[in-house]
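*Asks:* Pasted the sequence and its predicted model underneath.
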Protein chains: 2
Amino acid sequence: MLIIGEKINGTRKEVGAAIRERDRSVIECLAREQVEAGAGYLDVNAGSGSDTEADDLVWLVETAQEVVDVPLCLDSPSGSTLTIAIEATQQTPMVNSISGEPDRTEHVLPLVARHQCPVILVALDDTGIPETVDDRLVIVDRLVEATREAGVTDDKLYIDPLVMAISTNGEAGVIAFETMRQVRARYPDAHLTGGLSNISYGAPARKLLNQAFLALAIDAGMDSAIMDPTAPGMYPALLAAEAVLGRDRFCSRYNRAHRAGRLEPI
Amino acid sequence: MLIIGEKINGTRKEVGAAIRERDRSVIECLAREQVEAGAGYLDVNAGSGSDTEADDLVWLVETAQEVVDVPLCLDSPSGSTLTIAIEATQQTPMVNSISGEPDRTEHVLPLVARHQCPVILVALDDTGIPETVDDRLVIVDRLVEATREAGVTDDKLYIDPLVMAISTNGEAGVIAFETMRQVRARYPDAHLTGGLSNISYGAPARKLLNQAFLALAIDAGMDSAIMDPTAPGMYPALLAAEAVLGRDRFCSRYNRAHRAGRLEPI
């Protein structure tokens, strides 16, 4: 399971302030702690829409890669911001994201193709987030067709079925799992990702719901997650689910994490 | 999800001593705490093989049903013990269990049929525990054929696919889930149960594995579990899994448990 650490996000108060004040220590700390907790990519989002987004994102990129060796996941809706930020990266970044919104396909896809970046495909379009599994698959099909045409191979794709909150739609989990299973069957070389903690938005004791969702999502084929690996219990829950699903030979990762004291507090 | 509370078991030191000393308070306490924690049945096991098993089991039955109103699950391999104990019950008990061992079918099944008891069917026979899903299904098929012939309807059956430990077989979880899915497909009116915590036997941080297993087992069709509902985090994990799987309309059970303070400590 590839973890895309979600904490360096300018819409979070702490990060927004650090960006404005160019406070490197906050970003360095978030970068280090997420990588230590298991992140394989770090999402960097400068908070979209401001005049300074491109500058801010370049600063985040430069600051993060000073202290960690993992590649970054450039998170912006703007093709021009991404074009500038990508030049600042030392390793090929992932791009977050292309959706069915024409703007994204038009401006972000050529960049992804040119740099052969891994890219997150989000199952929504300019009419919003589809309610049903079938409507999501229609968008995914269209997006995969477009990336293939642009010369991006399926193994570069991280398809996000869009996890919604069960507090507003009790079927949100079931819809996410079914979309994942269908995408996995249609595009076996592509990856499945998504924002894990969306499922529990607005609900109490969110960790419990996130942990249950994680195990079920892995079973449905999710092999990547946009998440906070430092959240108490999440990384242990991930290892436990993989062990129970027979995807951790001899439980070796689980046992190693135990010996390193990383399964506590549980 | 029907919880069969597993704590009143004579093979546990505390309970074995209480049985020998006829210490009612220990049994009363275990009965009360499990029912308060969500148990719908209480398993009672006097520790098989002793000369006094039938007397001991009757004492457990009488002691438990003095303090709680839920039905009991009489747990013994002996037809004669069960025949005596069943007379002491105030509500129709569940019987734990019939397996493919000829002795059980011969002596326990007629009793189950006569009293129209719910009964646990265990997927093993006198050659031991089958390794593969298919071998387990062969036994389950034979058992269901026998119970049907004896006049026990499928809705009385609680089929236990036999959960083994991933510490000795990394595929133990996968085998359990696949057996459950197949049994669910073949016998839609029957229930699926099993010893939850078996999965983590011999592993560290067992709670993590048990929680992951529980969510995945519910998804595979398990609608009953032989478990300790008082184990920290297990009942909350169960409610969370049901909510994520869309089986808790408007998350009402989950939210009610939260308001009652039952989701903490998580």
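*Replies:* Perfect, I can see it now.

*Asks:* CA atoms for contacts and neighbours, from now on please.
*Replies:* Fine.

*Asks:* count of residues packed around A:Gly202?
*Replies:* 12 (other Cα atoms under 10 Å in any protein chain shown).

*Asks:* Who are the contact partners of the residue lying closest to it once chain neighbours are set aside?
*Replies:* In space, and not counting its chain neighbours, A:Gly202 is closest to A:Ser167: 6.0 Å by Cα to Cα, 6 or more residues apart in numbering or on different chains. Residues in contact with A:Ser167, defined by Cα atoms under 8 Å, 6 or more residues apart in numbering or on different chains, are A:200-203, B:250-251.

*Asks:* To which secondary structure element is A:Ser167 assigned?
*Replies:* Counting by DSSP states H and E, there is no helix or strand that carries A:Ser167.

*Asks:* Tell me the spacing between the residue nearest in space to the middle of chain A and A:Arg142.
*Replies:* Taking Cα atoms, centre = their mean, the centroid of chain A lies closest to A:Ile226, which sits 3.0 Å from it. Noted for A:Ile226: a distance of 23 Å to A:Arg142, by Cα to Cα, to the nearest Å.

*Asks:* Next: A:Val26.
*Replies:* In this view, A:Val26 and A:Arg142 are 39 Å apart by Cα to Cα.

*Asks:* Who has more neighbours out of those two?
*Replies:* Using other Cα under 10 Å as the criterion, A:Val26 and A:Arg142 rank with A:Val26 on top: 16 against 13.

*Asks:* Please tell me I have it right and that one contacts A:Ala17.
*Replies:* No. Using Cα atoms under 8 Å, A:Val26 makes no contact with A:Ala17, being 9.4 Å away.

*Asks:* tell me the contacts of the nearest residue to A:Thr230 once chain neighbours are set aside?
*Replies:* Among residues not flanking A:Thr230 along the chain, A:Ala37 sits closest, at 5.7 Å (Cα to Cα, 6+ apart). Listed by Cα under 8 Å, 6+ apart, the contact partners of A:Ala37 are A:229-230, A:235.

*Asks:* A:Val122 in helix, strand or coil?
*Replies:* strand (DSSP: H, G, I helix; E, B strand; the rest coil).

*Asks:* Is the longest helix anywhere in chain A positioned near chain B?
*Replies:* As assigned by DSSP state H, the longest helix anywhere in chain A is helix A:133-149. No. Helix A:133-149 lies apart from chain B when judged by Cα under 8 Å from any Cα of the partner chain; the minimum separation is 14.9 Å.

*Asks:* For the contacts of A:Ser167, pick the one with the most neighbours.
*Replies:* Within those, A:Ser200 tops the neighbour count with 25 neighbours, counted by other Cα under 10 Å.

*Asks:* quick revisit: relative to chain B, which of the contacts of A:Ala37 is nearest.
*Replies:* A:Tyr235 (10.6 Å; Cα to the nearest Cα).

*Asks:* what helix or strand does the closest one sit in?
*Replies:* According to DSSP H and E, A:Tyr235 maps onto helix A:234-244.

*Asks:* Which strands or helices does the next helix or strand after that helix pack on?
*Replies:* Next along the chain after helix A:234-244, taking DSSP H and E as the criterion, comes helix A:252-259. Helices and strands touching helix A:252-259, by 3 or more Cα pairs under 8 Å, 6 or more residues apart in numbering or on different chains; DSSP states H and E, are helix A:234-244.

*Asks:* what separates the helix it packs on from the chain centre, distance-wise?
*Replies:* Helix A:234-244 sits 18 Å away from the centroid of its parent chain (Cα atoms, centre = their mean, to the nearest Å).

*Asks:* Same check on stretch A:225-237?
*Replies:* Distance, stretch centre to chain centre, for stretch A:225-237: 12 Å (Cα atoms, centre = their mean).

*Asks:* before we move on, what about stretch A:112-123?
*Replies:* Computed by Cα atoms, centre = their mean, the chain-centroid distance of stretch A:112-123 equals 13 Å.

*Asks:* same deal with stretch A:73-92?
*Replies:* Computed by Cα atoms, centre = their mean, the chain-centroid distance of stretch A:73-92 equals 15 Å.
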